[in-house]
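for reference, the sequence and a predicted model appear below.
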Amino acid sequence: MSETQRAAAEPTARKRLFIKTYGCQMNVYDSERMRDLLTPLGYEPADAPDGADLVILNTCHIREKAAEKVYSELGRLKPLKEAKAASGDPMTIAVAGCVAQAEGAEIQRRAPVVDLVVGPQTYHKLPELIASVHRGRGEGLETEFEVEEKFDRLAAPVRQVEGYSAFVTVQEGCDKFCSFCVVPYTRGAEWSRPVDQVVAEVRALAARGVREVTLLGQNVNAYHGEPPAGDAADGTWGLGRLVRHLALIDGIERIRFTTSHPKDMDDDLIAAFADEPKLMPYFHLPVQAGSDRILKAMNRKHTAAEYLDIIARLREARPDIAISGDMIVGFPGETEADFEATMALVREVEYASCFSFKYSRRPGTPGAALPGQVDEAVKSERLARLQALLGEQQEAFNASMVGRTLPVLFEKPGRHAGQLSGRSPYLQAVHCEAPEALIGTIADVEIVSASRNALAGRLKDGESRAA
Ligand code: SAH
Ligand code: SF4
Ligand code: F3S
């Protein structure tokens, strides 16, 4: 432990840590890693901010609403911080994540209640930053891009995991610069973790009972990691190769990854869906829009036809693959005809699930300066039409499971007594009566009914397939 880490740990009394996570799965992973980093310093997780010694808001900047939520939360924290101070103890408030990266010191100007601001690539420095805030020194601002150093530092703390499915960041950052998106500015340039580092983390997770890993990256299929030590191949490894390699780890039964970009699709990754049984038949491939004119204005670097061709090749490799995506309606200049092209693409793909958003004008992105910003009412109306169609598709996909037997990874007790809740290979939530002993195992479930958001089933033979 370094001097500063020791200082942060003093006094050694137990301290309470509350972390609130906004945004994407990578933020969920980062929050877990922040907790891992702070555990050796005496911080224990709390489920509410009241009375906590340290509150971290791990924030998202992707849409205006996401960023504004942070300031409302800071408003709610103010009286809690004052109450804690009145009882003689400080509450330290940290803003982490993408709002921290995008707004930096501006956050403390707007919300003086904030003690420190730490970006997504520098949270490994939290122990030092907390120590300097406690000593009344330092600016409490750290937003450099140090992704490589971050993962080196994070390698040491043991990952505490709850449950049987875990996220593992393998790639971070984005060089695509879609004209609507803040991520290239908040997460920095594309960077891949070395294969050995990923393997070590996945092995440790498997040893703790994890059965499913979801590999994360803002452009995860752009993964090009340094090969394992002793590997004869020159050059880096792609995602397909990494997936096949991780599949060899004992205990890991299921592998998923997200989020991919159409431009980074390669044949090896498509082939992995055909020949690697541990790679689950579910693929999240955002397209954003169906009109080539809009795709060009979005700087997506692919056409609708190219996207559809990838989907066709995936389905050839793995006929039952479930396709998921992201859509934006109301990008500047989007006409009714452009929107109809999005609807037509959706009809052609038949999504198993798909996220859809109204375009949100983000300061500093090229899209924000484009003419032809679309009226809010028009955006709402288009989003409603799109979501009605996507909802029907999701419902139809779920209904097609009735009568089939699916292997389900049971993760936790269900809502009703005697019930467990788990996931199908297609990432659907499945509820089923089953003994608690099956939590953390994969068992066959016959699907008896389906709704838009979940499946219900009956345990086959009461037997677990894999311990
Ligand atoms: N490739 C990234 C995408 C992150 S953003 C990843 O790793 O997940 C997730 C989705 O948010 C995008 O696919 C896009 O559909 C949506 N989005 C991004 N910027 C947006 C904006 N300005 N307005 C509305 N939706 C946006
Ligand atoms: Fe954003 Fe586009 Fe990069 Fe995804 S690929 S993170 S949408 S810029
Ligand atoms: Fe949000 Fe940052 Fe993720 S902006 S979506 S938390 S990469």
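Okay, I see it. Numbers count the residues shown, from 1 in each chain. Ligands and ions are numbered 1, 2, ... in the order given.

and the host helix or strand of residue 446, how far from the chain's centre?
Using DSSP states H and E, residue 446 maps to strand 442-450. Distance of strand 442-450 from its chain centroid, counting by C-alpha atoms, centre = their mean, to the nearest Å, is 27 Å.

same deal with stretch 21-30?
The answer for stretch 21-30 is 5 Å, by C-alpha atoms, centre = their mean.

what of stretch 244-259?
Computed by C-alpha atoms, centre = their mean, the separation of stretch 244-259 from the middle of its chain amounts to 17 Å.

which positions in it come out as buried?
Neighbour counts over stretch 244-259 (16 or more other C-beta atoms under 10 Å) mark 244-247, 249, 252-259 as buried. C-beta coordinates here come from the backbone N, C-alpha and C atoms, glycine included.

over to stretch 266-285?
For stretch 266-285, by 16+ other C-beta under 10 Å, it's 269-270, 272-273, 276, 278-285.

hmm, back to that, by contact count, what packs against the strand holding residue 446?
helix 376-399, strand 405-413, strand 429-433, strand 454-466 (3 or more C-beta pairs under 8 Å, 6 or more residues apart in numbering; DSSP states H and E).

quick one: strands adjacent to the shortest one?
This points to strand 429-433. If you go by DSSP bridges, strand 429-433 pairs up with strand 419-423 (antiparallel), strand 454-466 (parallel).

tell me which of these is the most buried.
Ranked by mean neighbour count, the strands paired with strand 429-433 are led by strand 419-423 with a mean of 22 (mean count of other C-beta atoms under 10 Å).

would JSON lines of the buried residues of stretch 244-259 with distance to ligand 1 and pLDDT be doable?
What follows is the buried residues of stretch 244-259, written out as JSON lines (distance: C-beta to the nearest ligand atom, whole Å; pLDDT from 0 to 100):
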{"residue": "244", "distance to ligand 1": "22", "pLDDT": "98"}
{"residue": "245", "distance to ligand 1": "22", "pLDDT": "97"}
{"residue": "246", "distance to ligand 1": "19", "pLDDT": "98"}
{"residue": "247", "distance to ligand 1": "23", "pLDDT": "98"}
{"residue": "249", "distance to ligand 1": "24", "pLDDT": "98"}
{"residue": "252", "distance to ligand 1": "22", "pLDDT": "98"}
{"residue": "253", "distance to ligand 1": "24", "pLDDT": "98"}
{"residue": "254", "distance to ligand 1": "20", "pLDDT": "98"}
{"residue": "255", "distance to ligand 1": "17", "pLDDT": "98"}
{"residue": "256", "distance to ligand 1": "13", "pLDDT": "98"}
{"residue": "257", "distance to ligand 1": "10", "pLDDT": "98"}
{"residue": "258", "distance to ligand 1": "7", "pLDDT": "98"}
{"residue": "259", "distance to ligand 1": "3", "pLDDT": "97"}
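
which one of the residues you listed is nearest residue 427?
residue 256 (7.5 Å; C-beta to C-beta).

which bits of the stretch 51-200 of the chain sit near ligand 3?
Within the stretch 51-200 of the chain, the residues that sit near ligand 3 (C-beta under 6 Å from any ligand atom) are 60-62, 97-98, 182-183, 186-187.

these in helices, which ones?
Under the assignment DSSP state H, these contribute 97-98, 183, 186-187 to helices.

now do the contacts for residue 448.
402, 456-458 (C-beta atoms under 8 Å, 6 or more residues apart in numbering).

got the confidence number for it?
pLDDT recorded at residue 448 is 98.

picking up where we left off before, as JSON lines, the helices and strands packed on strand 442-450 with mean pLDDT and distance to residue 43 would be great.
Output for the helices and strands packed on strand 442-450, formatted as JSON lines (pLDDT from 0 to 100; distance: least, C-beta to C-beta, whole Å):
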{"stretch": "helix 376-399", "mean pLDDT": "98", "distance to residue 43": "40"}
{"stretch": "strand 405-413", "mean pLDDT": "97", "distance to residue 43": "25"}
{"stretch": "strand 429-433", "mean pLDDT": "98", "distance to residue 43": "32"}
{"stretch": "strand 454-466", "mean pLDDT": "77", "distance to residue 43": "35"}
